[in-house]
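Asker: Take this sequence and fold it.
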Amino acid sequence: MLLNPWVPAQIDSPVGAAYDLLSQRAGRLPLLDLSQASPPYPPAPAVVDHLQRCLADGASAGYTDVPGLPKLREAFAADLSQDYDAALEPGNVQVTSGCNQAFCLVAGVLAQPGDEIVLPLPYYFNHDMWLRLNGITPVYLEPDADLVARATALEALITPRTRAVLLVTPGNPTGVTIPPEEIAAFAEVARRHDIALVLDETYRSFRATEGPAHALYAEADWSDHVIGLFSFSKEFAIPGYRVGAVVAGPKVGREVAKLMDCVAVCAPKIGQEAAWAGLTRATDWRIERAAEMASRRAAFRAALADQPGGFEILACGGYFGWLRHPFHDEPTPEVARRLLVDHDLLLLPGTAFEPTDSRSLRVSIAGVDEGTAGDLADRLRSAAA
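Answerer: You can find the predicted model right below:
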């Protein structure tokens, strides 16, 4: 049979490709898997208790309204309003089956084949993949020396086909958090050129500051040019329940709901119940988990401070560390393969996140603690010996 040529032309899932290499391991050491951003702890007891009650009564197996459970939309709007000193309404929230789907729906609302969306480098691979799968051209914005995307670099990239600029903050794969004033500068460029600023804030609770990530939702006209993408997977350790959200004005929200109705009807009800329980019954647990991730980042930085084997931390924040390896003449995918096969260390090659090879590797901080951080440094040192 004939296939849509745009699909075979795309890469396979980088995470799936990494796991496909597991059979090649020498197995001399226990596997140290730092590839996927999966929470290293179970959901909060309050969430588990609520889900057990939902499963017992059977109602969680049904549909919800396309925009999501009213109580979840209300709770999330209140949560965001508190965090951003804003006045968001439940009507601003469209619940989705994870943040990946939120991005796909928003991209479908904003752009058609031949249009352009600006992605700062390095990008999250599923964003780049989805645009290409739909004939939308990703245009790459080079960050500054600290890997921070700057609004001044956006102006020169905007063309009549530009529909949006996407910022992921804290970043995936770098963990870099874009400062509030820089996000405001991006919003001003978007407003001036009548394009959308799409903010993916999947890792918002894992920033190194308790201050608001930005002040955009407090502006009266925010919905004219800003769209938010959110995930509950990391917030409440429920990645398998697949629940995220789009936050937008009514104009965009209506169109997102049309696409949502076609691709999923609604996000899984049990996942929505889990997110609601997390928002309303796990506040202290949520704060404790953010503090735990900060401790894991500190352990990672301390263990690699002396650049073991020549591996250098380029950035660290949120859920990720971004390393530069020392092998100038070896392609990064081969470096990642060798780290797994010979040293039982599973990382993702930076080439999954950028169109060129900058000798980078992504580390999932979720798998790092005071014990494994030293083990990571030892394996990196051994790889360079």
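
Asker: give the contact list for Leu339.
Answerer: 345-347, 379-380, 383 (CB atoms under 8 Å, 6 or more residues apart in numbering). Bear in mind the C-beta positions are built from the backbone N, C-alpha and C, glycine included.

Asker: rerun at 10 Å
Answerer: By CB atoms under 10 Å, 6 or more residues apart in numbering, the contact set of Leu339 is 32, 34, 325, 345-347, 349, 361, 379-380, 382-383.

Asker: what comes up buried for the one helix or strand it maps to?
Answerer: Using DSSP states H and E, the element containing Leu339 is helix 332-343. By 16 or more other CB atoms under 10 Å, the buried positions in helix 332-343 come out as 332-333, 335-336, 339-343.

Asker: Equivalent analysis for stretch 39-57, please.
Answerer: By 16+ other CB under 10 Å, the buried positions in stretch 39-57 come out as 39-40, 43-44, 46-47, 50-51, 54.

Asker: can you redo the residues you listed as JSON lines with distance to Arg191, pLDDT and secondary structure?
Answerer: Below are the buried residues of stretch 39-57 laid out as JSON lines (distance: CB to CB, whole Å; pLDDT from 0 to 100; DSSP: H, G, I helix; E, B strand; the rest coil):
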{"residue": "Pro39", "distance to Arg191": "36", "pLDDT": "95", "secondary structure": "coil"}
{"residue": "Pro40", "distance to Arg191": "40", "pLDDT": "93", "secondary structure": "coil"}
{"residue": "Pro43", "distance to Arg191": "39", "pLDDT": "97", "secondary structure": "coil"}
{"residue": "Ala44", "distance to Arg191": "39", "pLDDT": "97", "secondary structure": "coil"}
{"residue": "Ala46", "distance to Arg191": "41", "pLDDT": "97", "secondary structure": "helix"}
{"residue": "Val47", "distance to Arg191": "38", "pLDDT": "97", "secondary structure": "helix"}
{"residue": "His50", "distance to Arg191": "41", "pLDDT": "96", "secondary structure": "helix"}
{"residue": "Leu51", "distance to Arg191": "42", "pLDDT": "96", "secondary structure": "helix"}
{"residue": "Cys54", "distance to Arg191": "42", "pLDDT": "94", "secondary structure": "helix"}
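
Asker: quick one on the thing from earlier: of the contacts of Leu339, buried ones?
Answerer: By 16+ other CB under 10 Å, the contacts of Leu339 give 32, 34, 325, 345-347, 349, 361, 379-380, 383 as buried.

Asker: Quick check: Pro70 touching Glu89?
Answerer: No. With contact defined as CB atoms under 10 Å, Pro70 does not reach Glu89; the gap is 11.8 Å.

Asker: Check what pLDDT Arg301 gets.
Answerer: If you check Arg301, the pLDDT there is 97.

Asker: Chain neighbours aside, what residue packs nearest to it?
Answerer: Using CB to CB, 6 or more residues apart in numbering and skipping the chain neighbours, the partner closest in space to Arg301 is Cys316 (5.8 Å).

Asker: element containing that neighbour, please.
Answerer: Going by DSSP H and E, Cys316 is part of strand 312-317.

Asker: which residues does Ala257 contact?
Answerer: Counting by CB under 10 Å, 6+ apart, Ala257 has contacts 65-68, 94, 105, 109, 246, 266.

Asker: Surely it forms part of a strand?
Answerer: No. Using DSSP: H, G, I helix; E, B strand; the rest coil, the assignment for Ala257 is helix, not a strand.

Asker: picking that back up, which neighbouring elements make contact with the next helix or strand after the strand holding Cys316?
Answerer: Under the assignment DSSP H and E, the closest C-terminal helix or strand after strand 312-317 is strand 320-324. Packing partners of strand 320-324 (3 or more CB pairs under 10 Å, 6 or more residues apart in numbering; DSSP states H and E): helix 283-303, strand 312-317, strand 360-364.

Asker: List the strands paired with strand 320-324, with their directions.
Answerer: strand 312-317 (antiparallel), strand 360-364 (antiparallel) (DSSP bridges).

Asker: Report the angle between the last one and helix 332-343.
Answerer: Going back to what we said before, that points to strand 360-364. 50 degrees (axes from the mean of the first three to the mean of the last three CA atoms, to 10 degrees).

Asker: tell me the mean pLDDT for strand 360-364?
Answerer: The model assigns strand 360-364 a mean pLDDT of 98.

Asker: just the first one next, same as before
Answerer: Computed over strand 312-317, the mean pLDDT rounds to 98.

Asker: do you know which of the strands paired with strand 320-324 lies nearest Arg297?
Answerer: Taking CB to CB, strand 312-317 is the member of those nearest to Arg297, at 5.7 Å.

Asker: element containing Leu80?
Answerer: Going by DSSP H and E, Leu80 is in helix 70-84.

Asker: what distance separates whichever helix or strand comes after that helix from the centre of its chain?
Answerer: On the C-terminal side of helix 70-84, the nearest following helix or strand under DSSP H and E is strand 93-96. Centroid displacement of strand 93-96 relative to its chain, using CA atoms, centre = their mean, to the nearest Å, is 16 Å.

Asker: helices or strands up against strand 93-96?
Answerer: Going by 3+ CB pairs under 10 Å, 6+ apart, strand 93-96 lies up against helix 70-84, helix 99-110, strand 226-231, strand 244-247, helix 250-263, helix 269-281.

Asker: Nearest approach to Leu141 belongs to which of the ones you listed?
Answerer: helix 99-110 (16.6 Å).

Asker: And the average pLDDT for the helix or strand just after the closest one is what?
Answerer: Once the chain leaves helix 99-110, the next helix or strand it forms, by DSSP H and E, is strand 116-120. When pLDDT is averaged along strand 116-120, the result is 98.

Asker: Please parse the chain into its domains.
Answerer: Here the domain parsing of the chain from automatic domain parsing is 14-42+285-383, 45-282.

Asker: Any idea how far apart the tips of the longest one sit?
Answerer: This points to domain 45-282. 8 Å (CA to CA, to the nearest Å).
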